[in-house]
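**Student:** After the sequence you'll find the predicted model.
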Amino acid sequence: VSRETSEALPYRDRLRREIINEFVNKAKDVIENGALVINFPHDGSMWAYGICDLNTYYRSILTVGLTDDANVIRERLRDYASDPEVRDAVHHTGAAYVLQLDKGIPYQEGNWLWQFAEGMVEDWRGIDAIDETTPGFSLVLAEGSDMRLYRIEAL
């Protein structure tokens, strides 16, 4: 995002973008160099690869043409500890972390990409449903009530 574009955003959006960039950069300090990070692209994390050089798995909001593993992960990642198919999909990708930038934010209050519609979170429920109590994931970094980085545990 160019400086001119960024400065044209309302203050609230510019501040939110800065907070997200700071969190992503803190996450990069924790994540092993080059480790793959599963993300929910509609929360803005699809830009983390291009802007912050974070190795994100989903670099587009499109679900058309995804691999079988990518679909299993976005729909059922929360079942990683109990579902061998999900574990296999994660192992095939080599993913080591999960990033959430708008966890638990109501649709009306979120900082979503303009293409995002309220019902679309269901397409990504496997990632969105992960929280501190989800088996197979360890909280590594948190900020506020919405930004989270989890390590995927070896099972």
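**Tutor:** Structure's in. What do you need? Treat the numbers as computed from the prediction; the structure is a model and nothing was measured. Numbering: from 1, shown residues only.

**Student:** tell me the pLDDT at the nearest residue to Gly144 once chain neighbours are set aside?
**Tutor:** Counting by CB to CB, 6 or more residues apart in numbering, Gly144 lies nearest to Ile19, which is 7.9 Å off, once chain neighbours are set aside. Backbone N, C-alpha and C define where each C-beta goes, glycine included. Predicted confidence (pLDDT) for Ile19: 77.

**Student:** go on, Asn55?
**Tutor:** With respect to pLDDT, Asn55 scores 95.

**Student:** That one: neighbouring residues, count only.
**Tutor:** 19 (other CB atoms under 10 Å).

**Student:** now Thr63
**Tutor:** When neighbours are counted by other CB under 10 Å, Thr63 comes out with 15.

**Student:** Next one: the residue nearest to Gly144 relative to Glu143, how far apart?
**Tutor:** From Ile19 across to Glu143, the span is 8 Å (CB to CB, to the nearest Å).

**Student:** ditto for Ala96
**Tutor:** Going from Ala96 to Glu143 by CB to CB gives 20 Å.

**Student:** Please apply the same query to Pro135.
**Tutor:** Pro135 sits 23 Å away from Glu143, going by CB to CB.

**Student:** Please apply the same query to Pro84.
**Tutor:** Pro84 is 33 Å from Glu143, by CB to CB.

**Student:** So these two - more neighbours on which side?
**Tutor:** Using other CB under 10 Å as the criterion, Pro84 and Glu143 rank with Glu143 on top: 15 against 10.

**Student:** Test my guess that the more buried one contacts Phe23.
**Tutor:** Yes - Glu143 lies in contact with Phe23 (CB atoms under 8 Å); the separation is 5.1 Å.

**Student:** For Ile38, list the residues it contacts.
**Tutor:** Neighbouring residues of Ile38 by CB atoms under 8 Å, 6 or more residues apart in numbering: 56-58, 73, 77, 90, 93, 95, 97-99, 127, 152.
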